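Engineer: the sequence and its predicted three-dimensional model are supplied below.
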Amino acid sequence: MITQTVNIIMRDLIDLLENILLTEKSRGLLYRDKGDGFFQGSLENPSAVITFDGVDYYPSMPGAYETPDETEEAWQQAEQTYPGIVWSNKPKGSNRAFAVLKFDGPAKGKKSYFGRFFNDIKPDMAGAWGNGALPGGWQLNKITSLKGTYYRLKPADLFPTDSTFATPTSCVAAIGTRPGTTPDQLAIIDKIRPGMKELLTKRFPTFENVGEMGTAVRDDLGETIGPIALIQGMINTQGAEAARKDILGPNGSYSGASIYFPADKNNGLVDSYITTPGGIEIGLSSKGEKGAKASVKNILDGVDTAREKGMTDLLNKYAEEIKIIEEVGTLSSLEFPLKLGIKQGLINAGQAKIIVELVKSGAKSLDAVPMNKQDSAVLSGLMKDIKAKTDNTRYNTGYHILSSLARKVVQEINTNLKFKESCLKFLNTSPIIQLHLRANMKGDNVQVTGFDSKYPPDFKGDVGLDASKVYAATGIIGRVSFSYDPYGDGLPDADETDNIPPEPAVIDNEKLDAIGQQRSGIKAARMTPAPLGTREPIGDKQSLGRERRR
C-alpha cells in the first residue's frame, strides 16, 4: 500500500514536471529564446543548423491593418526587408497581419527569414505558430518538441494504419514497418529494438543509450509497451486487476488477446484495444489526463456497457442525451444537422428538403430552387451567419446553409449541461483502462519499472460536440465528433491546437489572393490559433510597419 502511494505521488510529480515542460512547447515559434537552435536532417549529424534571433510583427502592435491594400503594402515592404523570406502559409482575404521570424545561419554571417500570415496580431501570440511548422523540415532542438516531431515513437508512427497483431511477438516484429518511414527514423527505432525484445521475455526493459529520447520512450513508446505488458500478465496494479474482474469475470485473463492500434484520427482517447479470445474488447488509454478528442465509439461503448450491466438509473436519467449520442454515431453528415435542426425548430421539414435539393443540384444561389418568401427568409438568414467566398468554383448554396445550420445545432446541444455531463459519465463507464508507464531515467538509459493503472476510467473536464472542421460552403469532410477538454476551461490542449480551423468568416480579396498564388516562395503549412493570454508581442514600430489600425 505504501509503495502504491509513493508511485502515485511520483506519477503526480512527473505529470507536474510534464505540464511545466508543456508550457515550453505551447510557446511556439513566436516565443523562442534568442539562440534556440533548429536543425535539418538527423539530430546527431545535422545537414544544417540555424539559431533563433527574433520576431517582427506587422503591424507592430496588437491588431490588424485596416484594408487589404495596407496589408499588401506591408507585405511588399517585408519582402524587401527580409531577402529570401519563405512563407509558411498562403495569404487569405481575412489575413490582415503577419509575423517574420529571424534566424542566424545556416552559413556564417548569413540570415534566414520565415513569415506567416494571421487574421490579426493578438496580445498573446503564444502557440500561434507551432514549433513543428517551420518550412523546410527544420526541427527545434528541444526535448519537448523533438518527442513528437523527431523521435516519433507513437503507434501511429511505428506501424501501418489500423494495425492488428495476434501476439506481442508479431507486434514487436512489425515496429518500423509503417510506409514512408525514413532512414533517420529507422536509426531511432533501432535504438529501442533491444528493449522491446527484452519486453517479450516478460521483464520490464531497460532502453540503453537513448539519451534525450527518454520522455518519448516513457510517454509515446509506452502506448505500445502497455498492451504487450498487460497481455503478458506483467501489469497487476489495482486498476488493471479491477478491470480484469469486472470485464472478464473473476477467473478471466488478458492472456491470448490480440492488439489493435486504430487510425490516429479515429482513436479518440484510446491508444489501443486488446481483444480477448472470447471477443471482448478493452480500450487502453494514456491520454486521459492530458486531453484528446473523444470518439463517438468511446462514448457509445460506455452506453453499451451501462446496458449490459443493467445500470437503469443512469440510462433513464440520460435517455434523451443517449438519443443524441446515438444519432451522432448513426446519422450521415448530411442528415445530422437537418434532423436535429428540425427538432430544435431552426428549420422545418420543407426547408430541409430544399437544402438537400440545393446541395444535390450544385446551386450557386437560392434562386436556383423555387420556394416561398418564408422559406427564403429562413435560409438566407442562415447564410448571413457565415460569410463565404461565393466565387469559389466549388461553392454550393446548400452546403453554405448546411454549414451554418450545423454550427447552430451543435451550439444548442453544447449549451445543455446535462448533455455534456452524460458524455463524461458514459466515457467513465466505458471499458477503458488508463495506463501510465513508470520509468527511471539514469544518464542515457531509461529503465521501465511498471505501470500505474486506473479503472473505471476517471476522465474529467468537458465533453461536447465539434462540427467546426466538418462543414464548409464547398462540401462536407468527415463526421461530427466529440471534443474533450480535460481542464474544463474551453481552451484546447497544447497538443490539439491544429484541430481548430481558421475563422469561418472570410472577406473576399481577389487582388491579395491572386498575388499569393503567383509568389513561388510561399508554401502551405498548418496554421494553429493563439491561445488567450496577457503577453504582448514585442516589436519596433519603425522597422516593423505601421501602428495598429482598427
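Structural biologist: It's in. Source: prediction; values computed, not measured. Numbers count the residues shown, from 1 in each chain.
Engineer: would you agree residue 46 is in contact with residue 39?
Structural biologist: Yes - between residue 46 and residue 39 there is a contact under CB atoms under 8 Å: 3.8 Å. (Glycine included, C-beta is placed from N, CA and C.)
Engineer: any shared contact partners between the two?
Structural biologist: Counting by CB atoms under 8 Å, 6 or more residues apart in numbering, no residue touches both residue 46 and residue 39.
Engineer: neighbour-wise, which of the two wins?
Structural biologist: Neighbours per residue (other CB atoms under 10 Å) separate residue 46 from residue 39, with residue 39 holding more: 21 against 16.
Engineer: and the host helix or strand of the more buried one, what's buried?
Structural biologist: Assigned by DSSP states H and E, residue 39 belongs to strand 37-41. Within strand 37-41, the residues that count as buried by 16 or more other CB atoms under 10 Å are 37-39.
Engineer: who does whatever helix or strand comes next after it pair with, and is each partner parallel or antiparallel?
Structural biologist: Toward the C-terminal end, the helix or strand that comes next after strand 37-41 (DSSP H and E) is strand 46-58. Partners of strand 46-58 in the sheet, by DSSP bridges, are strand 37-41 (antiparallel), strand 97-104 (antiparallel).
Engineer: so for residue 164, which of those strands sits nearest?
Structural biologist: strand 37-41 (34.1 Å; CB to CB).
Engineer: residue 165 bridge partners, please.
Structural biologist: Bridge pairing for residue 165 - DSSP bridges - gives residue 259.
Engineer: pretty sure it sits against residue 272.
Structural biologist: No - using CB under 8 Å, residue 165 and residue 272 do not qualify as a contacting pair, with a distance of 9.9 Å.
Engineer: what residues are shared contacts of those two?
Structural biologist: What both residue 165 and residue 272 touch, as defined by CB under 8 Å, 6+ apart, is the set 259-260.
Engineer: who's more crowded, the two?
Structural biologist: residue 272 (25 against 19).
Engineer: ok, and what's touching stretch 434-448?
Structural biologist: So stretch 434-448 is contacted by 7, 10-11, 195, 199, 204-211, 213-214, 217-219, 222, 225-226, 230, 235, 239-240, 284-286, 288-289, 449-455, 457-458 (CB under 8 Å, 6+ apart).
Engineer: which of these count as buried?
Structural biologist: 7, 11, 195, 199, 204-207, 210, 213-214, 217-219, 222, 225-226, 230, 235, 239-240, 284-286, 288-289, 450-455, 457.
Engineer: can I get stretch 83-100 in PDB, CA atoms only?
Structural biologist: Extracted as PDB, the C-alpha positions of stretch 83-100 are listed here (Å, rounded to 0.1, in the frame of the first residue of the first chain):
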ATOM      1  CA  PRO A  83      15.600  38.900 -48.700                       C
ATOM      2  CA  GLY A  84      14.800  35.300 -49.400                       C
ATOM      3  CA  ILE A  85      11.900  35.100 -46.900                       C
ATOM      4  CA  VAL A  86      10.000  31.800 -47.000                       C
ATOM      5  CA  TRP A  87       6.300  32.000 -46.200                       C
ATOM      6  CA  SER A  88       4.700  29.100 -44.300                       C
ATOM      7  CA  ASN A  89       1.100  29.700 -45.500                       C
ATOM      8  CA  LYS A  90      -0.700  31.400 -48.300                       C
ATOM      9  CA  PRO A  91      -2.500  34.700 -47.500                       C
ATOM     10  CA  LYS A  92      -6.300  34.700 -47.400                       C
ATOM     11  CA  GLY A  93      -8.600  37.600 -47.700                       C
ATOM     12  CA  SER A  94      -9.200  37.500 -43.900                       C
ATOM     13  CA  ASN A  95      -5.400  37.800 -43.200                       C
ATOM     14  CA  ARG A  96      -4.600  41.400 -42.300                       C
ATOM     15  CA  ALA A  97      -1.400  40.800 -40.300                       C
ATOM     16  CA  PHE A  98       1.800  38.700 -40.400                       C
ATOM     17  CA  ALA A  99       4.900  37.800 -38.400                       C
ATOM     18  CA  VAL A 100       8.500  37.300 -39.500                       C
END
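Engineer: what about the buried ones among the contacts of stretch 434-448, which are in helices?
Structural biologist: Counting by DSSP state H, the buried ones among the contacts of stretch 434-448 place 7, 11, 195, 199, 214, 222, 225-226, 230, 239-240 in helices.
Engineer: mind putting these in JSON lines, distance to residue 140 included?
Structural biologist: What follows is these, written out as JSON lines (distance: CB to CB, whole Å):
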{"residue": "7", "distance to residue 140": "32"}
{"residue": "11", "distance to residue 140": "27"}
{"residue": "195", "distance to residue 140": "26"}
{"residue": "199", "distance to residue 140": "31"}
{"residue": "214", "distance to residue 140": "17"}
{"residue": "222", "distance to residue 140": "23"}
{"residue": "225", "distance to residue 140": "26"}
{"residue": "226", "distance to residue 140": "28"}
{"residue": "230", "distance to residue 140": "34"}
{"residue": "239", "distance to residue 140": "35"}
{"residue": "240", "distance to residue 140": "36"}
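Engineer: sounds good, over and out.
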